[in-house]
Each structure stands twice: as C-alpha cells, then as structure tokens.
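Colleague: dropping a prediction and its sequence here:
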Amino acid sequence: GEDVEQSLFLSVREGDSSVINCTYTDSSSTYLYWYKQEPGAGLQLLTYIFSNMDMKQDQRLTVLLNKKDKHLSLRIADTQTGDSAIYFCAETAIYSGAGSYQLTFGKGTKLSVIP
Amino acid sequence: EPEVTQTPSHQVTQMGQEVILRCVPISNHLYFYWYRQILGQKVEFLVSFYNNEISEKSEIFDDQFSVERPDGSNFTLKIRSTKLEDSAMYFCASSEAVAGGGYTFGSGTRLTVV
C-alpha cells in the first residue's frame, strides 16, 4: 500500500531556513500536502502541490517536488519560534469514490526553533 | 475563516462503553471524514461520508464503528463497545469536491479508554 515517510525531528535556530523532507511510494499521487499541528490543535493545511508541478512558493514557504524520486520538501524561510510545531506530509491519489479522497499521512516531523 | 468544530475535546470512557464523538463540518462542504491518530503513530483514515452514506472506509472501521449525519449540521462517529486500543486522537474533517483544496480538520477529540 501507499506509504509516506518523514524524519521525526528537526531543530533550527531562529532566522535560519528549515527544510522538512518527505518521501512517498504511491506513483499515482496527484496532490501532496503539508499540514501543521501546533500543540493541542488540529491539523492546519499549510500548502499543497499538484503532481505536475515541481515548485510552489507561498510567502515564507517553498514546496519542492521531485516526482521521479518521489521526494517532497517544505522549506520555511526565516524560521520563527511560532513555527515550532509538527509538520505532516500527506498525499492522495486520484479521486476514490464520488469526489471524496483519502489522505495518507507521514508520522510528522517535529520542528523545534531555538531562539 | 470557517472552522470544523469537534466536541468534546477530551473524553474518558470505560472499556466496553459506547462513545459518540461529535463534529460540525463547514456548512458548504459536502464530504466528511474521520481520521484517528494513536499516540506516536501516523494519522490514519477511518471513513469518508457523502450524500448520507459511507463512500469509503478503511480496515480499521469495523462493525464497532458507525457514522451518522443526524441533522443538517452534525456528523458523528460512534464506537459501540470501546477497547483499550481505541484510545487515540480522533479528527473530523470536511472538504469540497476538488482534492486540491485539501481538507479542513477539526481540533480533534482525545479519547482515552480505561
């Protein structure tokens, strides 16, 4: 079945860039997502990329997709202490059942920002 | 910004008891989901719901689980006879038809079975 893998921890200094990496196995993945989870909160959609793109930028966030290697990364520029959270990579294949679609998540990468 | 609301935020129940987890999806969304996250593990898909019926479910979603949309706003997950291994964070989500928009998740209900 599909699998999504991420490293579990990342520690960076405030002001540096963070790069969170993710690999996935499903070659039919059509959308790939990054979700953020702060302590005690739900999963907040940060950004997503369609599989025919290789890069997407949104303010401090840059998503890079290497479809050949099935590798996705999230770069956070000028990382702030408020960026400390768990970041989940997720993917979905083409629609399964009348418009609903199932996400497959990684275990999440805990980003710690050192002041 | 529209939100998905889940209640309660934390529920403790005895093994064998029935629990109902409640969710209010975003009002113009048509697709509803339940996911769960056992502590330290991945977020896992349980079930998707559309047009008043289940459209897809995972192997986890066995006969002990059921979902319902009892009125125009609520979406519930019932676990009939809870087991210790049902202890997890349960997330409700809703989406529009297009996968590119992603889901909107609720804050989750932490279920502890003792």
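Modeller: Great, that's in hand. Residues are numbered from 1 along each chain as shown, chains lettered A, B, ... in the order given.

Colleague: does A:Gly82 belong to a helix, a strand or coil?
Modeller: Assigned by DSSP: H, G, I helix; E, B strand; the rest coil, the conformation of A:Gly82 is helix.

Colleague: any idea how far it lies from B:Val67?
Modeller: The spacing between A:Gly82 and B:Val67, counted by CB to CB, to the nearest Å, is 35 Å. Where you see a C-beta, it was placed from the backbone N, CA and C, and this is true even at glycine.

Colleague: for A:Asp3, same thing?
Modeller: 26 Å.

Colleague: between these two, which is the more surrounded one?
Modeller: B:Val67 (22 against 12; other CB atoms under 10 Å in any protein chain shown).

Colleague: doesn't that one fall inside a helix?
Modeller: No. Assessed with three-state DSSP, B:Val67 is strand; it does not lie in a helix.

Colleague: for the residue nearest to A:Phe105 when sequence neighbours are not counted, name its beta-bridge partners.
Modeller: Spatially, and ignoring its direct neighbours in sequence, A:Phe105 is nearest to B:Val43 (4.1 Å; CB to CB, 6 or more residues apart in numbering or on different chains). Residues in a beta bridge with B:Val43, per DSSP bridges, are B:Gln37.

Colleague: check contacts around B:Val43.
Modeller: A:Leu43, A:Phe88, A:Ala90, A:Leu103, A:Phe105, A:Gly108, B:Tyr35, B:Arg36, B:Gln37, B:Phe91 (CB atoms under 8 Å, 6 or more residues apart in numbering or on different chains).

Colleague: can you tell me which of those are in strands?
Modeller: The strands, defined by DSSP state E, take in A:Leu43, A:Phe88, A:Ala90, A:Phe105, B:Tyr35, B:Arg36, B:Gln37, B:Phe91 from the contacts of B:Val43.

Colleague: and the first one, bridged to which residues?
Modeller: As for beta bridges, A:Leu43 partners with A:Gln37 under DSSP bridges.
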